[in-house]
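Student: Structure for this input, please:
(one chain, ligands or ions: 1)
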Amino acid sequence: MRVIVCEDYNELSAQAARLVASQLILNPSSVLGLATGSTPVGMYRHLVSMNRRGDIDFSDVTTFNLDEYYPISPGSPQSYRYFMNEQLFSKVNIDINNTFVPNGMTDDPEKECLDYEKNIEAHGGIDLQILGIGRNGHIGFNEPGANLNSATHLTELSESTVDANSRFFDSEDDVPRRAITMGIASILKSKKIILLASGASKSRVVSELLDEDINTSVPATLLKVHPDVVLICDKDAYSGTRLGVDIGGTNVKFAVVEGRKLIYKSSIRTEKSSADTLISSIADECNRLKKLYPIKTVGVGTPGIIRDGRVNAANLPFRSTPLASGLSKLVDMPVTVDNDANCAALGESEFGAGKKYQNIIMITLGTGIGGGIIFDGSIAHGKSSMGEIGHIIIEADGGRPCPCGQHGCWEQYASVSALIASAKEAVQSEPNSLLSKLAEEKGRLDGEAVFDAYEKGCKVAAKLLEKYTHYLAVGITSLINVFGPDAVILAGGITSRGNLLIPMLLPKIPSSDVAIEISTLENDAGSLGAALL
Ligand code: F6R
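Tutor: Numbers count the residues shown, from 1 in each chain. Model prediction:
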């Protein structure tokens with residue numbers, strides 16, 4: 001089976017339409033096998049446009065549809081005959097007499113099935129068969145466990161198919177419980193087959209199809225015996241179920257992701273006694289989740305520096321620890337490890353505020369400044385320290401010392417710790433300021449207090465934030481100048497005051513065409529991004 005993974009549904013539809021068009025150009029009197037359902041709708045739309053432009057001709061084409069509900073009248077809007085007329089036949093130059101859909105009103109379904117099969121054979125068989133796939137793996141209405149060596153036949157719909165198809169009816173009770181469908185044997189006689197799958201709801205069945213041997217519980221796996229099948233799916237349907245792990249100083253977070261959808265999350269306490277205990281506690285949770293979901297891969301975000309597969313992290317017991325290989329042995333799945341800030345950036349770019357942009361820089365403001373650079377959907381990596389944006393030097397002479405060994409690093413001026421340090425100095429020199437009073441009342445001086453005082457009109461807080469946003473803007477401007485991203489996404493606790501921060505920051509950044517946004521995922525960005533590694 002050849003697999004084509006498309007960026008999205010539109011690309012999938014265009015790609016499928018191109019293959020059908022090639023078939024019609026090579027053989028204008030082709031016999032097409034067609035499917036209904038939501039998935040091929042976009043493909044039909046493209047075919048209609050191609051036909052209207054004169055690129056393809058349907059005048060000599062014959063079509064056989066896979067299936068029809070039973071009983072149902074062809075005039076009923078839920079019937080597959082009606083669907084095909086609406087989506088394709090009435091919009092292209094096909095002779096309607098050359099379009100065949102099983103008769104859902106027949107008094108003699110057995111004869112209808114035999115005649116349908118004979119009619120396909122009389123037309124020389126199907127040259128190209130289009131299929132969708134049910135969430136339970138059905139093709140046509142060949143449901144799991146059914147006789148899979150059958151020709152066209154009358155069949156019972158499974159409960160899950162009735163449930164899935166009820167969206168086209170007023171209520172589930174209105175969905176016919178039976179259908180006439182081409183059998184697997186009829187489908188396999190087609191010369192070529194295109195199977196379409198779109199959306200996260202199909203990711204589980206697509207991974208079953210790709211990973212499992214032929215079996216009757218997933219009827220689509222029978223397509224594996226056919227020599228010419230192309231599966232065209234979008235990224236959401238293809239990526240399967242993945243597990244993301246975000247190791248933090250206090251908790252380890254887990255996210256199970258299907259396609260681009262978060263389906264489950266959990267967390268455990270970070271075991272800090274040794275690297276082995278931490279890794280085995282993470283493995284235990286991974287194995288628990290593996291029993292519940294068809295997880296295929298694990299991605300891990302960890303603080304620290306990762307070089308040649310070994311992790312060094314100051315706040316965790318990782319000292320040259322082979323995290324990926326160690327965890328992979330315990331969970332029996334491939335494990336990929338990356339820096340946690342990079343994972344958060346990837347998560348934000350795929351699931352959060354960065355979704356609408358191609359290239360983003362994510363900046364996490366906290367004790368230091370972390371960050372990740374995402375270009376064309378991937379993390380930009382250097383040898384080890386790419387993305388250490390907190391250590392770009394913004395004060396070349398006499399800059400503040402940084403624990404990294406340099407002087408004048410950006411995080412010494414624009415991290416939340418830097419803001420608090422400046423606030424402490426200000427409170428000492430202005431003990432009567434509103435900020436001093438607020439800090440006294442709260443019993444501590446934190447970033448929150450600076451914003452609260454500013455909101456209440458404190459001049460000292462206003463000056464502090466003016467200076468702070470100046471430094472923040474200096475670093476952001478440098479990053480924009482170097483990387484030219486579409487957007488800069490700010491994250492970290494301080495961004496909960498984005499309503500005050502952003503208006504002060506924006507006028508200080510000259511590149512007005514770069515969007516400056518606040519993260520929307522907060523604590524989940526790291527585990528979601530790790531799942532996509
Ligand atoms: C339709 C058909 C079904 C659908 C399948 C997927 O003629 O035979 O097998 O292809 O149920 O449906 P959608 O595309 O709506 O997800």
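Student: For the residue in the stretch 351-500 of the chain that the ligand sits nearest to, which residues are in contact?
Tutor: Minimum separation of the stretch 351-500 of the chain from the ligand (C-beta to the nearest ligand atom) falls at residue 351, amounting to 23.2 Å. Heads up, the C-betas are built off the backbone N, CA and C, glycines and all. Residue 351 makes contact with 260, 262, 521, 524-525, 528-529, according to C-beta atoms under 8 Å, 6 or more residues apart in numbering.
Student: and which of those residues is nearest the ligand?
Tutor: Closest approach to the ligand among the contacts of residue 351 (C-beta to the nearest ligand atom): residue 260, at 17.0 Å.
Student: Quick check, pLDDT for that closest one.
Tutor: Per-residue confidence (pLDDT) for residue 260: 69.
Student: ok, now how distant is the residue in the stretch 1-150 of the chain that the ligand sits nearest to from residue 414?
Tutor: Relative to the ligand, the nearest point of the stretch 1-150 of the chain is residue 132 (2.4 Å; C-beta to the nearest ligand atom). Applying C-beta to C-beta, to the nearest Å, the value for residue 132 to residue 414 is 52 Å.
Student: what do you get for residue 25?
Tutor: As judged by C-beta to C-beta, residue 25 and residue 414 stand 59 Å apart.
Student: Residue 150 now?
Tutor: For residue 150 relative to residue 414 (C-beta to C-beta), the value is 68 Å.
Student: Ok, residue 493 next?
Tutor: Residue 493 is 14 Å from residue 414, by C-beta to C-beta.
Student: Tell me which of those two has more neighbours.
Tutor: Neighbours per residue (other C-beta atoms under 10 Å) separate residue 493 from residue 414, with residue 414 holding more: 26 against 14.
Student: quick one, phi psi at that one?
Tutor: Note on residue 414: its backbone torsions stand at phi -120, psi 10 [degrees, to the nearest 10].
Student: what residues are up against it?
Tutor: Taking C-beta under 8 Å, 6+ apart, one finds 365, 369, 468, 471-472, 474-475 in contact with residue 414.
Student: returning to that earlier point: can you pull the pLDDT of the residue of the stretch 351-500 of the chain closest to the ligand?
Tutor: Value listed for residue 351 in the pLDDT field: 88.
Student: If you count neighbours, what's buried in stretch 129-149?
Tutor: 129-144, 146, 148 (16 or more other C-beta atoms under 10 Å).
Student: for stretch 172-183, same thing?
Tutor: For stretch 172-183, a neighbour-count test (16+ other C-beta under 10 Å) marks 175-176, 178-183 as buried.
Student: and if you look at stretch 299-310?
Tutor: For stretch 299-310, burial by neighbour count (16+ other C-beta under 10 Å) applies to 299-306, 310.
Student: pull the CA atoms of that stretch into CSV?
Tutor: The C-alpha trace of stretch 299-310 is given here as CSV (Å, rounded to 0.1, in the frame of the first residue of the first chain):
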residue,chain,number,x,y,z
GLY,A,299,8.1,12.4,22.8
VAL,A,300,9.7,13.8,25.9
GLY,A,301,10.5,17.5,26.7
THR,A,302,13.1,18.0,29.4
PRO,A,303,14.9,21.0,30.8
GLY,A,304,18.6,21.1,30.2
ILE,A,305,21.0,20.5,27.4
ILE,A,306,20.8,17.4,25.1
ARG,A,307,23.8,16.3,23.2
ASP,A,308,24.3,13.0,21.5
GLY,A,309,21.2,11.6,23.2
ARG,A,310,22.5,12.5,26.7
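Student: Check which helix or strand the nearest residue to residue 533 once chain neighbours are set aside maps to.
Tutor: Setting aside the residues directly before and after it, residue 533 is nearest to residue 299 in space (C-beta to C-beta, 6 or more residues apart in numbering), at 3.2 Å. Assigned by DSSP states H and E, residue 299 belongs to strand 295-302.
Student: Residue 279 too?
Tutor: Here residue 279 is assigned to helix 275-292, by DSSP H and E.
Student: tell me what that helix is packed against?
Tutor: Packing partners of helix 275-292 (3 or more C-beta pairs under 8 Å, 6 or more residues apart in numbering; DSSP states H and E): strand 241-247, strand 251-258, strand 261-269, strand 295-302, helix 323-331.
Student: Pick the most buried one from these.
Tutor: strand 241-247 (a mean of 27; mean count of other C-beta atoms under 10 Å).
Student: Can you give me the buried ones in whichever helix in the chain runs longest?
Tutor: Longest helix in the chain by number of residues (criterion: DSSP state H): helix 459-483. Neighbour-count burial for helix 459-483 flags 460-461, 463-465, 467-469, 471-477, 479-480, 483 (criterion: 16+ other C-beta under 10 Å).
Student: quick one: low-confidence ranges for the chain?
Tutor: Under the criterion of pLDDT under 70, the regions of the chain flagged as low confidence span 259-260, 383-387.
Student: List, one by one, the residues from it near the ligand.
Tutor: 35-39, 66-67, 132-134, 138-141 (C-beta under 6 Å from any ligand atom).
Student: for the residue of the chain positioned farthest from its centre, what are its contacts?
Tutor: Computed with C-alpha atoms, centre = their mean, the residue of the chain farthest from its C-alpha average is residue 432, at 52.4 Å. Residue 432 makes no contacts at all, as judged by C-beta under 8 Å, 6+ apart.
Student: one step back: next, work out how far apart the residue nearest to residue 533 and residue 258 are.
Tutor: On the measure of C-beta to C-beta, residue 299 and residue 258 end up 14 Å apart.
Student: How about residue 10: what's its closest non-neighbour residue?
Tutor: Excluding the flanking residues, the one nearest residue 10 by C-beta to C-beta, 6+ apart is residue 42, at 6.4 Å.
Student: wait, doesn't the one you found sit right on residue 9?
Tutor: Yes. Counting by C-beta atoms under 8 Å, residue 9 is a contact partner of residue 42 at 5.9 Å.
Student: Give me the neighbour count for the nearest residue to residue 397 once chain neighbours are set aside.
Tutor: Using C-beta to C-beta, 6+ apart and skipping the chain neighbours, the partner closest in space to residue 397 is residue 408 (7.9 Å). By other C-beta under 10 Å, 18 other residues sit near residue 408.
Student: cool, residue 7 as well?
Tutor: 11.
Student: List the contacts of it.
Tutor: Applying C-beta under 8 Å, 6+ apart, one finds that residue 7 lies in contact with 234-235.
Student: let's see 10 Å
Tutor: 234-236, 377 (C-beta atoms under 10 Å, 6 or more residues apart in numbering).
Student: For stretch 34-53, which residues meet the burial criterion?
Tutor: Quick answer for stretch 34-53 (16+ other C-beta under 10 Å): 34-37, 39-48, 50-51.
Student: In strands, which of the residues you listed appear?
Tutor: Of the buried residues of stretch 34-53, the ones assigned to strands by DSSP state E are residue 34.
Student: tell me the SS of the residue lying closest to residue 71 once chain neighbours are set aside?
Tutor: In space, residue 71 comes closest to residue 104 once its chain neighbours are excluded; the distance is 5.8 Å by C-beta to C-beta, 6+ apart. What DSSP: H, G, I helix; E, B strand; the rest coil gives for residue 104 is coil.
Student: Also residue 121?
Tutor: From three-state DSSP, the assignment for residue 121 is helix.
Student: which residues touch it?
Tutor: Counting by C-beta under 10 Å, 6+ apart, residue 121 touches 186, 189.
Student: Tell me if I am right that residue 372 is in a strand.
Tutor: Yes. Under three-state DSSP, residue 372 falls within a strand.
Student: Run through the residues that contact it.
Tutor: 301, 338-349, 360-364, 379-381, 386-387, 389, 489, 491, 525-526, 529.
Student: let's see 6 Å
Tutor: 341-342, 345, 362, 387 (C-beta atoms under 6 Å, 6 or more residues apart in numbering).
Student: do residue 234 as well
Tutor: 6, 8-9, 12, 198.
Student: try residue 112
Tutor: 103, 106.
Student: Now it: which helix or strand?
Tutor: helix 109-122.
Student: Neighbours of residue 26, how many?
Tutor: Neighbours of residue 26 (other C-beta under 10 Å): 9.
Student: For residue 59, see how far away it is.
Tutor: 16 Å.
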